[in-house]
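[1] Build me a structure from this.
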Amino acid sequence: MMLNGIDAASSAYATARPSQAGQSRPESVMRSTTDSVQFSEEALRLMRAQRASEAEISQFAGIIQRAHEEGGYADPKAFLNQLNPDEMEVVRKAHGLARSIDVGALDFEGAHNLLLPHDEARDLNNDGLLSIGAGRTITFPPPNAPASVKQAWEDATAGMDERDRWLYEARMFSSQHIANIHRNADGSITVTEPGTSGYRNPFAEPGFSYQTLVKAHLESIEYAREKGWIDEAQYYKDKAFLSGFGEALRQQGAV
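    Numbers count the residues shown, from 1 in each chain. Here you go, the predicted structure:
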């Protein structure tokens, strides 16, 4: 998804890694693209969808390997600034960004995630969003959600039409947007933007419950049905999905 119309890559939560012994080996298992760095099938699919050639994919693997070897993840902006224009174009193309990369305009997370396959971006500041380059993406479950929640979501959306999955993803994520809308004493509305003081990520707050979130959405569609704001077909479709997601959460032991 894209937030505020800014270009950004598809998101998921994992970690790129070099294949040599002795290097850091975080969670994800990526299949081989070069002898030094491996990519998941999803990462390869996404890069090819952006019309990256096999040579460019190999170049991107080399850039990632260098970032690991040269400490690029400790200061990703400095590392990006060392790349030549052709290498920066490879990074841009690997992430499907529409514009050339302005390193000076990036925050730490946005720069860091350019040095990973774009299906493996990290939410480093735990704000529930992913910065990839200059773009902020939204996703549900949020990147730092427990594995049990992510598996429950995959189970509940298995085989679902991509448009329906996107719509349900946006609906569930709306809780974060709503948490940052404030009504002032004069009746005006203020929205707290990501990166500003007071911005909330409710998914990361103590005691947050995904099962309670599902319950709230079930109550919402019951209210909408009572008021005549939703037709019967949509009501039953939404109820079936939300009930299924709730059951999947219970089966996975997710709160």
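[2] Please count neighbours and contacts with C-alpha atoms only from this point.
    Fine.
[3] Need the contact partners of the biggest helix by length in the chain.
    When the chain is parsed with DSSP state H, its longest helix is helix 232-251. Here helix 232-251 makes contact (Cα atoms under 8 Å, 6 or more residues apart in numbering) with 148-149, 152-153, 155-156, 210-211, 214-215, 217-218, 221-222, 225, 255.
[4] Ok, stretch 168-187 next?
    With contact meaning Cα under 8 Å, 6+ apart, stretch 168-187 is reached by 138-142, 189-193, 199-203, 213.
[5] what pLDDT, on average, does it get?
    In this model, stretch 168-187 has an average pLDDT of 90.
[6] Which stretches in this protein count as helices?
    Using DSSP H, the helices assigned to the chain run over residues 41-49, 54-69, 76-82, 85-94, 108-114, 147-157, 162-178, 210-227, 232-251.
[7] Check the burial of the residue nearest to Tyr210 when sequence neighbours are not counted by counting its neighbours.
    Leaving aside its sequence neighbours, Tyr210 sits nearest to Val255 (Cα to Cα, 6 or more residues apart in numbering; 5.9 Å). Residues near Val255, counting by other Cα atoms under 10 Å, number 16.
[8] ok, Val255 - contacts?
    By Cα under 8 Å, 6+ apart, the residues touching Val255 are 209-211, 249.
[9] Kindly report the domain assignment for this structure.
    Segmentation of the chain into domains, based on automatic domain parsing, reads 31-138, 147-251.
[10] which of these is buried the deepest?
    Ranked by mean neighbour count, those are led by domain 31-138 with a mean of 19 (mean count of other Cα atoms under 10 Å).
[11] Could you list the low-pLDDT ranges of the stretch 51-200 of the chain?
    Within the stretch 51-200 of the chain, no range satisfies pLDDT under 70.
[12] shouldn't Ala204 be in contact with Asn126?
    Yes - using Cα atoms under 8 Å, Ala204 is in contact with Asn126, at 7.2 Å.
[13] Which neighbours do the two have in common?
    In contact with both Ala204 and Asn126: no residue, using Cα under 8 Å, 6+ apart.
[14] returning to that earlier point: would you check how far apart the residue nearest to Tyr210 and Ser243 are?
    Val255 sits 15 Å away from Ser243, going by Cα to Cα, to the nearest Å.
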